[in-house]
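Engineer: Sharing a model prediction with you, sequence too.
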Amino acid sequence: MNLELRHLRVVCAIAETGSVTKAASTLGLAQPALTAQLQRIERTLGGPLFERDRRGARPTALGELVLARARVLLPAMKGLQDEAARLAGAADAPRRYRFGGVNSPILGRLVHRLSAEQPQAQITTYASWSVDELAQLVVGGRLDFVLTGVCGDSSPSAAFGLSWREVAVDPVLVLLPETHPLAGQEEVRLVDLRHEQWVAAPGDGCFGDCFAAACARAGFTPRKVYEADIRACMDLVDAGAAVALCQATFRPVAGLVTRRLSGVPLRWRLMFGWHPDSPAARVAELVLETAKAAYTDSLAAHPDYLAWLTRNPAFGVRRPTATGAVGGTGGVRTA
């Protein structure tokens, strides 16, 4: 039998868990099958790799040698695979767009624009509530771009080495049933919602902390926050069981209304990310401009919000000014 990387992963799993049984569970294998595999590995290497008793499995001197080599080889091979995946897509970069999204309000319009501009392009999408998962897929060459959002002036994690650019910034709105006592107001004070139950979609960003901080500034602690998918969030609001925060371009169904929060206590920045060393980086700026255009497309269904943007230039698509500062365009794309 020739030694393969999968055999090294088995040895590492046993060493890390301290047990063949636990390693089998981690690897998704039956314990007898993993034991037989370990025996074949040991025969190939010429001796036992672990001392096994009731206390678990401990590496022998030979096992320590194999582990030392495996802990160098496995990360190196993973790095090689990631680099190869990025380079393999170099020729396809202008013709292939693989997007990952976290509850993005513009992903559909972005795909529509790219499809119209490049009918031969292959466009795929992947949804996840985890920005870290999407970033890892970009690093591994399995996605090209990520669309996500962050609250306030924060930025996505820099741990994965992605380049991040802002698409637009919006105030966060509140979603209410149209029968709610505050539904008739153009703007709602956050403090006037202090007795409400809340519902939110899942996610691994900082929005929960930003929301709690905004409530604290308003002088109260939010009541119970339910966690549900988007459909269930709307159902809970429609039933009068909760209210929800939502993005400014959210289009509520019949029976629900969105209202701005007075003073804009919460802001949401739409972000676009890619890996600077990937083939996709060559077209990233062009795709970013298309994402900004897709955001502008989304405003057509919200004339009241579009009018608000013209009066509040710090929001919408913001572009660098001649001095290097960031200025708003009221959500209107400029040439």
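Structural biologist: Ah, there it is. Numbers count the residues shown, from 1 in each chain.

Engineer: How many neighbouring residues does the residue lying closest to V150 once chain neighbours are set aside have?
Structural biologist: The shortest distance from V150 to any residue other than its chain neighbours is 5.2 Å, reached at R269 (CB to CB, 6 or more residues apart in numbering). The way it works is simple: take the backbone N, C-alpha and C, and place the C-beta from them, glycine included. For R269, the neighbour count with other CB atoms under 10 Å is 20.

Engineer: residue contacts, R269?
Structural biologist: R269 makes contact with 149-154, 166-169, according to CB atoms under 8 Å, 6 or more residues apart in numbering.

Engineer: Shouldn't it be within a helix?
Structural biologist: No. Using DSSP: H, G, I helix; E, B strand; the rest coil, the secondary structure at R269 is strand, not a helix.

Engineer: about what we covered before: tell me the buried residues within the contacts of R269.
Structural biologist: 149-152, 166-169 (16 or more other CB atoms under 10 Å).

Engineer: So which of those residues are in strands?
Structural biologist: Of those, the ones assigned to strands by DSSP state E are 149-151, 166-169.

Engineer: Name the nearest of those residues relative to L110.
Structural biologist: V167 (9.4 Å; CB to CB).

Engineer: among the buried ones among the contacts of R269, which two are most distant?
Structural biologist: G152 and V167 (15.7 Å).

Engineer: Show me what the longest helix that the chain contains is packed up against.
Structural biologist: Ranked by residue count and defined by DSSP state H, the top helix of the chain is helix 61-88. Applying 3 or more CB pairs under 8 Å, 6 or more residues apart in numbering; DSSP states H and E, one finds that helix 61-88 contacts helix 5-17.

Engineer: which parts of the helix it packs on are buried?
Structural biologist: 7-8, 10-15, 17.

Engineer: and T258, how many neighbours does it have?
Structural biologist: T258 has 21 neighbours, counted by other CB under 10 Å.

Engineer: which residues does it contact?
Structural biologist: By CB under 8 Å, 6+ apart, the neighbours of T258 are 173-176, 246, 248, 250, 252.

Engineer: Tell me the one of these nearest L107?
Structural biologist: F250 (13.8 Å).

Engineer: what about that closest one, which SS state?
Structural biologist: Per three-state DSSP, F250 ends up coil.

Engineer: Report pLDDT for it.
Structural biologist: For F250, the pLDDT comes out at 85.

Engineer: quick one: what helix or strand has the closest residue to it other than its chain neighbours in it?
Structural biologist: With sequence-adjacent residues excluded and distances taken as CB to CB, 6+ apart, F250 is closest to T258, at 6.1 Å. If you go by DSSP states H and E, T258 is part of strand 256-261.

Engineer: May I have the strands that pair with that strand, each with its orientation?
Structural biologist: strand 173-177 (antiparallel), strand 187-188 (parallel) (DSSP bridges).

Engineer: can you redo those as CSV with mean neighbour count?
Structural biologist: Output for the strands paired with strand 256-261, formatted as CSV (neighbours: other CB atoms under 10 Å):
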stretch, mean neighbour count
strand 173-177, 23
strand 187-188, 16
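
Engineer: quick check, distance from the one helix or strand G273 maps to to the centre of its chain.
Structural biologist: Here G273, judged by DSSP H and E, is contained in strand 267-274. How far strand 267-274 lies from its chain's middle: 10 Å, per CA atoms, centre = their mean, to the nearest Å.

Engineer: Tell me the strands beside it, with direction?
Structural biologist: strand 145-151 (antiparallel), strand 163-171 (antiparallel).

Engineer: Where do the helices of this structure begin and end?
Structural biologist: Going by DSSP H, the chain shows helices at 5-17, 20-27, 31-45, 61-88, 107-117, 131-139, 207-217, 230-238, 284-298, 303-311.

Engineer: The first one packs against which elements?
Structural biologist: Contact analysis of helix 5-17 by 3+ CB pairs under 8 Å, 6+ apart lists helix 20-27, helix 31-45, strand 56-59, helix 61-88 as its packing neighbours.

Engineer: Nearest to F220, out of these?
Structural biologist: helix 20-27 (45.0 Å).

Engineer: Now do that closest one and helix 31-45, the angle between them.
Structural biologist: 100 degrees (axes from the mean of the first three to the mean of the last three CA atoms, to 10 degrees).

Engineer: mind checking how far A76 is from A70?
Structural biologist: 11 Å (CB to CB, to the nearest Å).

Engineer: Which of the two has more residues huddled nearby?
Structural biologist: A70 (18 against 10).

Engineer: Hmm, V10 and the more buried one touching each other?
Structural biologist: No. Checked against CB atoms under 8 Å, the pair A70 and V10 is beyond contact range at 9.6 Å.

Engineer: thinking again about what came up before, with distance to A127 and mean pLDDT added, can I get the helices and strands packed on helix 5-17 in TSV?
Structural biologist: Compiled in TSV, the helices and strands packed on helix 5-17 are given as follows (distance: least, CB to CB, whole Å; pLDDT from 0 to 100):
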stretch	distance to A127	mean pLDDT
helix 20-27	27	87
helix 31-45	34	89
strand 56-59	40	91
helix 61-88	21	81
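
Engineer: among these, which is nearest A281?
Structural biologist: That would be helix 61-88 among those, by CB to CB, at 9.5 Å.

Engineer: in that closest one, what counts as buried?
Structural biologist: 63, 66-67, 70, 82, 86.
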